[in-house]
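1. here is the input, now give the coordinates:
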Amino acid sequence: MVKKEHLFSSVHNQQLAETLVFPEQFQQKKIAILFIHGWRSNQEGALEYAEALAQGGFICLTFDLRGHGSSDGNMDVLTRRDYVDDVLTAYDTLVTVASIDPEHIGVIGASFGGYLGAMLTARRKVKSLALRVPADYSNEGFEKPQVLLSDAAKRVWQAQEHQPHESCALHALHTFTGEVLIVESGKDEQISHQTIANYTNTLNDKEKLTYIVMKEAGHRLQDHTLRAEYKQILINWFSKTVGTATLNGDQG
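-> As a prediction, the model looks like this:
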């Protein structure tokens, strides 16, 4: 059985809408996963994956970035720095509310959420990081409202080869020592293969990288079959890298 609890956390006097998804019985060594959704999306798309992982014993937290979904905030004024604060707040909520050992936390980020998830690893403890079609951005404009970044500028940046010092996300991933899963969509209409290559190339320890291409997938996984495929990828990978979440106690 899987349970849900709706939560609200405060960040700069605004509320984040969060959903804690957890198994009816906790294991002794709690293992948690934080989900970070993409730009102009919300937590709803992550809930089915959170429920599937919770059925295996993982404790999951999904949330809406400010200006998205049910969270407070005006998207027109929020910067990437603001969104990093949202992610830090959600992470701290997960650790506190579910009494999680920070040594056993995984993160799943999609698109813009992948960019934010990579940066999270430089600020909090993360054991395993899963990035699906991660976006990337120049450090220029980090303090400006994200809505001001044009699609044309994003396409130009993401089509180019970049080094870690050019991107906060690449720099964070360059120094990350945990396990990394990068999932590319073979028919992605938004994120270029070069962007994915920039992420994979920045890793120091390639032995900790799992790289998977979902050949028939676009940027959004709207097809049920593709979502089921991605769900199984997550279950298999997190069971291997964060630890098997057994409901009958810690098996070692």
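
2. for stretch 207-225, buried residues please.
-> 208, 210, 214, 217, 218, 219, 220, 221 (16 or more other C-beta atoms under 10 Å). Just so you know, the C-beta spots here come from the backbone N, C-alpha and C atoms, and that holds for glycine as well.

3. which of these fall in strands?
-> Members of these lying in strands (criterion: DSSP state E): 210, 214.

4. and the helices in the chain?
-> For the chain, applying DSSP state H gives helices covering 44-55, 80-97, 112-120, 151-158, 168-175, 193-202, 224-241.

5. buried set for the first one?
-> The neighbour-count criterion (16+ other C-beta under 10 Å) identifies 45, 46, 47, 49, 50, 52, 53, 54, 55 as the buried residues of helix 44-55.

6. can you pull out the strands in the stretch 1-150 of the chain?
-> Along the stretch 1-150 of the chain, the segments classed as strands by DSSP state E, counting those that start in this stretch run 2-11, 14-23, 32-36, 59-63, 105-110, 128-132.

7. closest to residue 72 out of these?
-> Each of the strands of the stretch 1-150 of the chain has some distance to residue 72 by C-beta to C-beta; the shortest is strand 14-23, at 3.8 Å.

8. partners of the closest one in the sheet?
-> Using DSSP bridges, strand 14-23 pairs in its sheet with strand 2-11 (antiparallel), strand 59-63 (antiparallel).

9. can I get those strands in TSV with distance to residue 238?
-> Converted to TSV, the strands paired with strand 14-23 look like this (distance: least, C-beta to C-beta, whole Å):
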stretch	distance to residue 238
strand 2-11	16
strand 59-63	10
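
10. just those: most buried one?
-> Of all those, strand 59-63 has the most neighbours on average by mean count of other C-beta atoms under 10 Å, namely a mean of 28.

11. contact partners of it?
-> The contact list for strand 59-63, computed with C-beta atoms under 8 Å, 6 or more residues apart in numbering, reads 9, 16-23, 26, 30-35, 37, 43, 46-47, 50-51, 53-54, 71, 86, 90, 93-94, 98, 100.

12. out of the residues you listed, which are buried?
-> For those, a neighbour count by 16+ other C-beta under 10 Å gives the buried set as 9, 16-23, 26, 30-35, 37, 43, 46-47, 50, 53-54, 71, 86, 90, 93-94, 98, 100.

13. and the lowest-mean-pLDDT helix or strand in the chain, what's buried?
-> Taking mean pLDDT, DSSP states H and E as the measure, the helix or strand of the chain with the lowest value is helix 151-158, at a mean of 91. Under the neighbour-count criterion of 16+ other C-beta under 10 Å, helix 151-158 has 154, 157, 158 buried.

14. just stretch 70-80 next, same as before
-> 70, 71, 72, 73, 78, 79, 80.

15. can you report phi and psi for the first one?
-> For residue 70, the backbone dihedrals (degrees, to the nearest 10) come out as phi -100, psi 10.

16. all set now, cheers.
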